[in-house]
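Engineer: The following comprises the amino acid sequence and a computationally predicted model.
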Amino acid sequence: MLLLAKESEQLIKDILPKQYQSQLDLFEDVAKEWRFANLFTSSISNYNISAPFHRDTGNIKGAVNVIICKKQNSKGGDLHIPDYNATIGQQDNSILVYPAWRNVHGVTPITPTYKGGYRNSLVFYPLKAFKGL
């Protein structure tokens, strides 16, 4: 997972250099031992979990999450953001960079279309509880 977090950071650095630098700056007071790579403090794997609406209030404001989706023989499991009336399709091997602290969001229901169908997301995120420790 650490290698994948580092690869995700490199993508942010290459594609969104201002966000990358901003997030590095936000991490100035997060001790090295609490960092997961350089831009995150935590990760989670969500296997076949459709999340109810919520806002990631524990995240560092101004930072982004990275959501990597693995999906086979299933439909749904997409990110829905009611503020924008938007549903972002999460296809197999997709990567989404999202400021989860900003908006209420949820994950649509997941329906296997064939036996063994699944949706698994790996999320890297920055918790503000680690600032100043």
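Structural biologist: Now that the structure is in, tell me what you want to look at.

Engineer: all helices for this protein, in order.
Structural biologist: Counting by DSSP state H, one finds helices in the chain at the ranges 2-15, 17-26.

Engineer: Dump these into TSV; add mean pLDDT as well.
Structural biologist: Formatted as TSV, the helices of the chain follow (pLDDT from 0 to 100):
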stretch	mean pLDDT
helix 2-15	95
helix 17-26	97
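
Engineer: could I get the ones you listed as JSON lines with distance to Lys70 and mean neighbour count?
Structural biologist: All C-beta atoms are positioned from the backbone trio N, CA, C, and that covers glycine. Shown next, in JSON lines, are the helices of the chain (distance: least, C-beta to C-beta, whole Å; neighbours: other C-beta atoms under 10 Å):
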{"stretch": "helix 2-15", "distance to Lys70": "11", "mean neighbour count": "15"}
{"stretch": "helix 17-26", "distance to Lys70": "24", "mean neighbour count": "14"}
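
Engineer: right, so of these, which gets closest to Leu96?
Structural biologist: helix 2-15 (10.5 Å; C-beta to C-beta).

Engineer: From the rest of the structure, what touches that closest one?
Structural biologist: Helix 2-15 has contacts (C-beta atoms under 8 Å, 6 or more residues apart in numbering) with 19-20, 23, 36-40, 43, 64, 66, 68, 95, 97, 122, 124.

Engineer: give me that answer again for 6 Å
Structural biologist: By C-beta atoms under 6 Å, 6 or more residues apart in numbering, the residues outside helix 2-15 that reach it are 19-20, 36-40, 66, 124.
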